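S.K.: Here's my sequence, what's the structure:
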Amino acid sequence: MKTTKPSALPQALGSGLAGALVLTAIHETARRLLPDAPRMDVLGMRGLRKLLGKAHAPQPAPDTLFNLTMAGDILSNGLYYSLVGRGKEAWRRGTLLGLAAGVGGVVLPGPLGLGEAPSNRTRQTQLMTVAWYLLGGLAAAGASRAWSRARKRSKQSS
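M.R.: Prediction:
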């Protein structure tokens, strides 16, 4: 009798969501406490306003815009961090994905027409941006590895 291997998709998506939630929690806490904290929420709101403008769609009220941006951030970062996948290489992939997202968060907003200040205003802002995206990638990797260990224990007890 052939046994089927469980799908990697739930683990990847769940781990990605964990990384995105950690990243968002860090950003939202730090922006309230630290004057040089990155303001990725501002970049997200600018980006959403720009997209809605190009689509000739109505612009939402500020509170709605913020909530839509947070939901979009969690969804998009969750999908991005889901690339961590599973297996022993998850830590390496989480590190590389986190660093790439952090560097992109510092370098890309200006050329994309979103402004540079929210993630690039001081050296501390730049370092926090890279570090927090790295933490998101590591959180996704940690969640993936924990999921793998739990699945392995579950198989052994069956």
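S.K.: contacts and neighbour counts: CA atoms only from here.
M.R.: Will do.
S.K.: for the chain, which helix is longest?
M.R.: helix 123-157 (DSSP state H).
S.K.: what comes up buried for that one?
M.R.: 125-145, 147-148 (16 or more other C-alpha atoms under 10 Å).
S.K.: Residue 39 against residue 118, yeah?
M.R.: Yes: using C-alpha atoms under 8 Å, residue 39 makes contact with residue 118 at a distance of 4.6 Å.
S.K.: Where does the prediction get shaky in the chain?
M.R.: Applying pLDDT under 70 to the chain flags the ranges 1-6, 158.
S.K.: ranges for the helices of it?
M.R.: Using DSSP H, helices in the chain cover 9-33, 40-54, 62-81, 90-107, 117-120, 123-157.
S.K.: Tell me which of these is the most buried.
M.R.: helix 117-120 (a mean of 24; mean count of other C-alpha atoms under 10 Å).
S.K.: Contacts only, for the residue most central in space within the chain.
M.R.: Nearest residue to the geometric centre of the chain (C-alpha atoms, centre = their mean): residue 77, 3.2 Å. Counting by C-alpha atoms under 8 Å, 6 or more residues apart in numbering, residue 77 touches 16, 17, 19, 20.
S.K.: Next, find the distance separating it from residue 20.
M.R.: 5 Å (C-alpha to C-alpha, to the nearest Å).
S.K.: burial count for the residue nearest to residue 14 when sequence neighbours are not counted?
M.R.: Spatially, and ignoring its direct neighbours in sequence, residue 14 is nearest to residue 82 (7.4 Å; C-alpha to C-alpha, 6 or more residues apart in numbering). By other C-alpha atoms under 10 Å, 28 other residues sit near residue 82.
S.K.: who touches residue 82 in this structure?
M.R.: Contacts of residue 82 (C-alpha under 8 Å, 6+ apart): 12, 13, 14, 15, 16, 17, 140.
S.K.: Which of the residues you listed sits closest to residue 73?
M.R.: residue 17 (10.6 Å; C-alpha to C-alpha).
S.K.: contacting residues for the closest one?
M.R.: So residue 17 contacts 74, 75, 77, 78, 79, 81, 82, 140 (C-alpha under 8 Å, 6+ apart).
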